[in-house]
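> just coords:
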Ligand SMILES: NC(=O)C1=CN([C@@H]2O[C@H](COP(=O)(O)OP(=O)(O)OC[C@H]3O[C@@H](n4cnc5c(N)ncnc54)[C@H](OP(=O)(O)O)[C@@H]3O)[C@@H](O)[C@H]2O)C=CC1
Ligand SMILES: O=C(O)C(=O)[C@@H](O)[C@H](O)C(=O)CO
């Protein structure tokens, strides 16, 4: 039985400006592998926690359930930030446009706030990844121009991928969503994104739960009277990183939103930053990620 919260702290969540003037809430709800929990968890996040930013993907298989929760929540569409992602199996000009319309239909929305290419490499047989990637980006640019996506971006892109788009001279991605947590801090990429006016969004902020038992995190949790997850999320947000923790459990979703009423000292920020081991939790077997 979950106690109904008395305040909706995520409602006062700060936002990060994109280079087109839109603002993305710095805290969102991750929904990877949400399965059968999707509907009730998202409804709770929207109605009871004040969450207004949801991160999903076609790949997660829960767009339809999220759409149902959004409709039922009664929250106005314009108050929400909805990100979804294009899976590499849909890369290519026409298929990208169709996939975007399909995601909108499943989510029950007329437009997306942010549409991301999920991974840099494609799964289109007989064609080079680079060729397909650029063609796919052109389709995203058109979806942006048509107003179906208010912002477009990429995920898991490395500096060479970003430079390749830059060389084409089109729209600079608004966001790059990449793994970021105490054990994985790709700071060169973070700095590069900032230099290029690309907002850096971090996924797996809790290291899929692994960071929650690290002694340094537990020590800080005790010091601040906060939970280990709040320390991890606060550290990520204080780094200026858009942060999307996932939980299917209402009490944890609520806990993960209570991160705006305290500040980590610069020494404690550094204490967590020292935990970087370059450990990656998400691996796909695309060539660029080998080695
Ligand atoms: N672009 C990409 O390629 C990727 C994007 N993502 C996005 O980032 C989001 C977050 O990453 P994700 O992989 O889900 O991992 P997270 O780092 O957010 O960790 C999620 C895990 O931590 C547990 N957890 C959550 N909150 C708490 C808490 N307060 N106390 C204890 N345990 C907790 C969850 O369990 P439980 O649910 O049981 O509470 C789950 O097992 C994804 O959901 C997705 O939206 C993720 C991976 C790749
Ligand atoms: O969660 C994501 O966003 C990923 O890209 C992957 O973890 C993907 O969902 C997957 O399941 C890979 O097999």
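Noted; the coordinates are in hand. Bear in mind that the values here come from a model prediction, so they are computed numbers and not experimental data. Ligands and ions are numbered 1, 2, ... in the order given.

> Which single residue of the chain ends up nearest ligand 1?
As assessed by C-beta to the nearest ligand atom, ligand 1 sits closest to residue 30 within the chain, at 2.5 Å. Just so you know, the C-beta spots here come from the backbone N, C-alpha and C atoms, and that holds for glycine as well.

> Do you know the pLDDT at that residue?
Looking at residue 30, its pLDDT reads 97.

> what's the neighbour count on it?
21 (other C-beta atoms under 10 Å).

> Now for the residue lying closest to it once chain neighbours are set aside: which residues touch it?
Leaving aside its sequence neighbours, residue 30 sits nearest to residue 246 (C-beta to C-beta, 6 or more residues apart in numbering; 3.1 Å). Listed by C-beta atoms under 8 Å, 6 or more residues apart in numbering, the contact set of residue 246 reads 29-32, 34.

> sorry, back to before: next one: phi and psi at the residue of the chain closest to ligand 1?
phi -80, psi 150 (degrees, to the nearest 10).

> What residues does it make contact with?
55, 203, 244-246.

> so can I have TSV of these showing secondary structure and distance to residue 77?
Below are the contacts of residue 30 laid out as TSV (DSSP: H, G, I helix; E, B strand; the rest coil; distance: C-beta to C-beta, whole Å):
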residue	secondary structure	distance to residue 77
55	strand	17
203	strand	24
244	coil	20
245	coil	23
246	strand	23
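
> quick one on the thing from earlier: just the ones of the contacts of residue 246 in strands?
Of those, the ones assigned to strands by DSSP state E are 29-30.

> Quick check: of the contacts of residue 246, which lies closest to residue 257?
Using C-beta to C-beta, the shortest approach to residue 257 within the contacts of residue 246 belongs to residue 29, at 8.9 Å.

> okay, now that closest one: neighbour count?
26.

> residues touching the residue in the stretch 51-200 of the chain positioned nearest to ligand 2, list them.
When scored by C-beta to the nearest ligand atom, the stretch 51-200 of the chain has residue 59 as its residue closest to ligand 2, at 4.6 Å. Contacts for residue 59 (C-beta under 8 Å, 6+ apart) come out as 85, 87, 118.

> out of the residues you listed, which is most surrounded?
residue 85 (26 neighbours).

> which SS state does residue 272 fall under?
helix (DSSP: H, G, I helix; E, B strand; the rest coil).

> how much space between it and residue 190?
Noted for residue 272: a distance of 15 Å to residue 190, by C-beta to C-beta, to the nearest Å.

> May I see the buried residues of stretch 120-131?
120-122, 124, 129 (16 or more other C-beta atoms under 10 Å).

> Mind checking which of those residues are in helices?
When DSSP state H is applied, these are split such that residue 129 fall in helices.

> Of all pairs in the buried residues of stretch 120-131, which one spans the longest distance?
Top of the distance list for the buried residues of stretch 120-131 (C-beta to C-beta): 120 and 124, 13.0 Å.

> What are the buried residues along the lowest-mean-pLDDT helix or strand in the chain?
Least confident helix or strand, the chain: helix 38-48 with a mean of 94, by mean pLDDT, DSSP states H and E. Neighbour counts over helix 38-48 (16+ other C-beta under 10 Å) mark 38-39, 41-48 as buried.

> From those residues, pick the one nearest ligand 2.
Once C-beta to the nearest ligand atom is applied, the member of the buried residues of helix 38-48 that ends up nearest ligand 2 is residue 38, at 14.2 Å.
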